[in-house]
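In: only geometry, no sequence info:
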């Protein structure tokens, strides 16, 4: 898989401008056009995207937020930095999404989208891009969150998908892609902890 393949896939799959921008940044940081690898990430390069970004690290067998953008924190009224993914995401949702977060550390890219249910709010559409990056020598997950009430919808978004979560995974080593659709009920967001950032 080459950088232009990722850009082409993003153009077909992504609905929000932030998603396209973070993927364009990631591909621009590739040292080789013939072999995609976790890109070096420097937040100073993407100041406009910082409110929508977060970094996760592997820590004692769990995924922990190193940083979380203020747009995400303020939306969900929760500071994620220093917390673990399994503390933030309700158990029913965590079981669905955690394998995709984990696979990023095996050098895959994941784009997933669907609806999120928040207390006293309407359904919001979301889109997430999960990318492997390196920061000061460490392998990390760089995530970008776009929500329908705050993100910039691109001029020509993809057609709407059925309800549920839709996962698109790109394996950097093999160039293979896979897709999966998972039905998700509103109750999945309400079980256990209140929903924060899947």
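Out: Now that the structure is in, tell me what you want to look at. Quick caveat: nothing in here was measured; it's all calculated off a predicted structure. Numbers count the residues shown, from 1 in each chain.
In: which helices and strands does whatever helix or strand residue 130 lives in pack with?
Out: According to DSSP states H and E, residue 130 maps onto strand 124-135. Here strand 124-135 touches helix 17-28, strand 39-40, strand 108-116, strand 138-147, going by 3 or more CB pairs under 8 Å, 6 or more residues apart in numbering; DSSP states H and E. Quick note: C-beta positions are derived from backbone N, CA and C, even for glycine.
In: Just the buried residues of it, please?
Out: Across strand 124-135, burial judged by 16 or more other CB atoms under 10 Å covers 124-133, 135.
In: Likewise for stretch 142-158?
Out: Neighbour-count burial for stretch 142-158 [16+ other CB under 10 Å]: 142-148, 150-151, 154.
In: before we move on, what about stretch 48-63?
Out: So for stretch 48-63, counting by 16+ other CB under 10 Å, buried means 49, 51-57, 63.
In: And that stretch, end to end?
Out: 25 Å (CA to CA, to the nearest Å).
In: same question, stretch 134-150
Out: From start residue to end residue, stretch 134-150 stretches across 28 Å - CA to CA.
In: Break down the protein into its helices, ranges please.
Out: 3-13, 17-28, 70-76, 85-88, 91-103, 187-190 (DSSP state H).
In: In JSON lines: those, plus distance to residue 36.
Out: What follows is the helices of the chain, written out as JSON lines (distance: least, CB to CB, whole Å):
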{"stretch": "helix 3-13", "distance to residue 36": "7"}
{"stretch": "helix 17-28", "distance to residue 36": "8"}
{"stretch": "helix 70-76", "distance to residue 36": "26"}
{"stretch": "helix 85-88", "distance to residue 36": "25"}
{"stretch": "helix 91-103", "distance to residue 36": "15"}
{"stretch": "helix 187-190", "distance to residue 36": "33"}
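In: can you tell me which of those comes nearest to residue 178?
Out: helix 91-103 (10.3 Å; CB to CB).
In: Output the contacting helices and strands for the closest one.
Out: Against helix 91-103 (3+ CB pairs under 8 Å, 6+ apart) you get strand 62-68, helix 85-88, strand 108-116, strand 165-171, helix 187-190.
In: Please identify the most buried of those.
Out: strand 108-116 (a mean of 22; mean count of other CB atoms under 10 Å).
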